[in-house]
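Undergrad: Kindly generate the corresponding structure for this input.
(2 chains)
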Number of protein chains: 2
Amino acid sequence: MLELYHAGLTTCSKKSRLALKEKGLAYKSHYLNLGKFEHHDPAYLKLNPNGLVPTLVHDGKVVIESGVINEYVDEVFADKPLKPADPLGRARMRIFCKMADEYALPATRIPTWTRTKAAQVQAMSAAEFDRVVSETALVDHRLKLQALRGEGFSKKEFDEAYGRMDYVFDRSEAALSESPYLAGAAYSLADIAILPYIHAFREVRPELMTTHPRTTEWYERVMVRPAVQATYQPSDETGTQR
Amino acid sequence: MLELYHAGLTTCSKKSRLALKEKGLAYKSHYLNLGKFEHHDPAYLKLNPNGLVPTLVHDGKVVIESGVINEYVDEVFADKPLKPADPLGRARMRIFCKMADEYALPATRIPTWTRTKAAQVQAMSAAEFDRVVSETALVDHRLKLQALRGEGFSKKEFDEAYGRMDYVFDRSEAALSESPYLAGAAYSLADIAILPYIHAFREVRPELMTTHPRTTEWYERVMVRPAVQATYQPSDETGTQR
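TA: Below is the predicted model of the structure:
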């Protein structure tokens, strides 16, 4: 029995939904509305003390962090493996998984939080804002909320975010000059980790698709996979039909 | 044949040196002096385009990123496994490995770069500084060098770094209330990933050792392991006998 707590089309939630669907695994979906701060619910924080999505519960066992969830699911359910069979291929895959978590995720938050959270945070009463900040487990998120309540993110933060987007595109382009997928001949957790960021970055920086033709071709090719289409299409899981 | 390019006692270099020594694997050591920017050498950048240490070369195959190197080494050399045998244990281990890379490493750079690099960067000629920045592959590192050349890191950056140190200590303390090592009953890549950061943070924030007694006990217990002692003691590998 698999249960996934997630926020639909947010990047890390998509990573785990993409992996579960690609492997053909059924799961009970628990959609959390981040705009309503459902991830701050004390019952949810017991499962995920970081107050982040997604969280997997497998026969009562809790696994957090999308990248860790995806490696766990692929280890436990051997069918339709999403890791290269050889250690060097897995190392190459993990470089992209790390890049997604360490390089791409922080970059996407700067424009995305500005677009989705700034107005909401500024409209809060002082008491409401203080409560939301006090419920936020991670210091970097608390500081980001405070920035959005004030001056917004700095020019340095935007410069770094944009530089990181360039980096993710450049490394993807280089890898795709060697093989059809990011970690080799087969679709893997590397492609699943990077796809939501290419999807997000191309909305902020459409010119990157023009300057990175292999990445664009890969993007169009993986977006039509049935599991990817099922992840992106509006459904109970994306919050768009609630 | 294993070769490790590393910078001795820097945190990520120690992570891979700790793992190789714990597994009893012999390797050819290539010490890079970061103060002399030996990691900017074009020959090294061919191995590691990020210009970071460490880099492993195994029979001509290149693996970068200390966390990826450690998983690779543990997969390829089955003796003395450094991963829990069960998937849930490995998930728990990977949470700590991610915490080291995503949470602890950025936190350690703020005080450490201020202490080790600020004076050097400020003493450079404009031409020398521009060359060093242009050789720096990663945008976040370029921006950090520019900050150190100017006003230094901001109060927000120090606040975030200190909050991240609290977080790493708090999560370690919680895990060690459940098991003698961070990912369970046995010493693993989780302990190896976190040890260099506890070692570093306790120099900046000695009070954290007092407030986290289980982490202090764990620290003292793992520091006397033979492989850990061999990693920390001055040698050709630490640059202290050159």
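Undergrad: buried residues in stretch A:72-92?
TA: A:72-74, A:76-77, A:82-84, A:87-92 (16 or more other Cβ atoms under 10 Å in any protein chain shown). Just so you know, the C-beta spots here come from the backbone N, C-alpha and C atoms, and that holds for glycine as well.
Undergrad: Export those as CSV, with columns for distance to chain B.
TA: As requested, the buried residues of stretch A:72-92 are arranged in CSV below (distance: Cβ to the nearest Cβ, whole Å):
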residue, distance to chain B
A:72, 5
A:73, 9
A:74, 9
A:76, 5
A:77, 10
A:82, 14
A:83, 11
A:84, 11
A:87, 5
A:88, 5
A:89, 10
A:90, 7
A:91, 5
A:92, 9
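Undergrad: Inside strands: which ones of those?
TA: Using DSSP state E, no member of the buried residues of stretch A:72-92 sits in strands.
Undergrad: which of those residues lies closest to residue B:122?
TA: Using Cβ to Cβ, residue A:91 comes nearest to residue B:122 of the buried residues of stretch A:72-92, at 38.1 Å.
Undergrad: and the lengthiest helix in chain A, what does it pack onto?
TA: What stands out as the longest helix in chain A, according to DSSP state H, is helix A:155-176. The helices and strands touching helix A:155-176, judged by 3 or more Cβ pairs under 8 Å, 6 or more residues apart in numbering or on different chains; DSSP states H and E, are helix A:87-98, helix A:105-116, helix A:189-204, helix A:207-211, helix A:213-223, helix B:139-149.
Undergrad: chain center to the first one, what's the gap?
TA: Right, helix A:87-98. Here helix A:87-98 is found 17 Å from its chain centre; the criterion is Cα atoms, centre = their mean, to the nearest Å.
Undergrad: Give me the contacts around it.
TA: A:67, A:70, A:83-84, A:171-172, A:175, A:182-184, A:188-191, A:193-194, B:61, B:63-65, B:67-69, B:71-72, B:75-76, B:101 (Cβ atoms under 8 Å, 6 or more residues apart in numbering or on different chains).
Undergrad: Let me know the angle separating it from helix A:189-204.
TA: Taking axes from the mean of the first three to the mean of the last three Cα atoms, to 10 degrees, one finds that helix A:87-98 is oriented at 30 degrees with respect to helix A:189-204.
Undergrad: Please work out the average pLDDT along helix A:87-98.
TA: If you average the pLDDT over helix A:87-98, you get 98.
Undergrad: Residue A:178 - how many residues pack around it?
TA: 10 (other Cβ atoms under 10 Å in any protein chain shown).
Undergrad: Mind telling me what element it is part of?
TA: Residue A:178 is part of no helix or strand when elements are defined by DSSP states H and E.
Undergrad: how close does it sit to chain B?
TA: Residue A:178 sits 13 Å away from chain B, going by Cβ to the nearest Cβ, to the nearest Å.
Undergrad: Then residue A:64?
TA: 7 Å.
Undergrad: go on, residue A:212?
TA: Using Cβ to the nearest Cβ, residue A:212 is found at 16 Å from chain B.
Undergrad: related to what we said a few turns ago, how big is the angle separating the longest helix of chain A from helix A:139-149?
TA: 120 degrees.
Undergrad: who touches helix A:155-176?
TA: For helix A:155-176, the surrounding residues in contact (Cβ under 8 Å, 6+ apart) are A:92, A:96, A:99-100, A:103-104, A:106-111, A:182-183, A:194, A:197-198, A:201, A:204-205, A:208, A:211-212, A:214-215, A:217-218, B:138-140, B:142-143, B:147.
Undergrad: how about a cut-off of 6 Å?
TA: A:103-104, A:107, A:110, A:182, A:197, A:201, A:205, A:208, A:212, A:214-215, A:218, B:139-140, B:143 (Cβ atoms under 6 Å, 6 or more residues apart in numbering or on different chains).
Undergrad: Equivalent analysis for stretch A:218-234, please.
TA: Residues contacting stretch A:218-234 (Cβ under 6 Å, 6+ apart): A:14, A:17-18, A:21-22, A:176, A:191, A:195, A:198, A:240-241.
Undergrad: I'd like the average pLDDT over that stretch.
TA: Rounded mean pLDDT across stretch A:218-234 is 97.
Undergrad: and if you look at stretch A:23-41?
TA: Here the average pLDDT along stretch A:23-41 is 96.
Undergrad: swap in stretch A:107-114?
TA: Mean predicted confidence for stretch A:107-114 is 96.
Undergrad: That stretch and chain B, are they touching?
TA: No - Stretch A:107-114 does not reach chain B (Cβ under 6 Å from any Cβ of the partner chain); its nearest approach is 9.4 Å.
Undergrad: how far does that stretch sit from the chain's center?
TA: With Cα atoms, centre = their mean, you get 12 Å for stretch A:107-114.
Undergrad: Lovely, talk soon.
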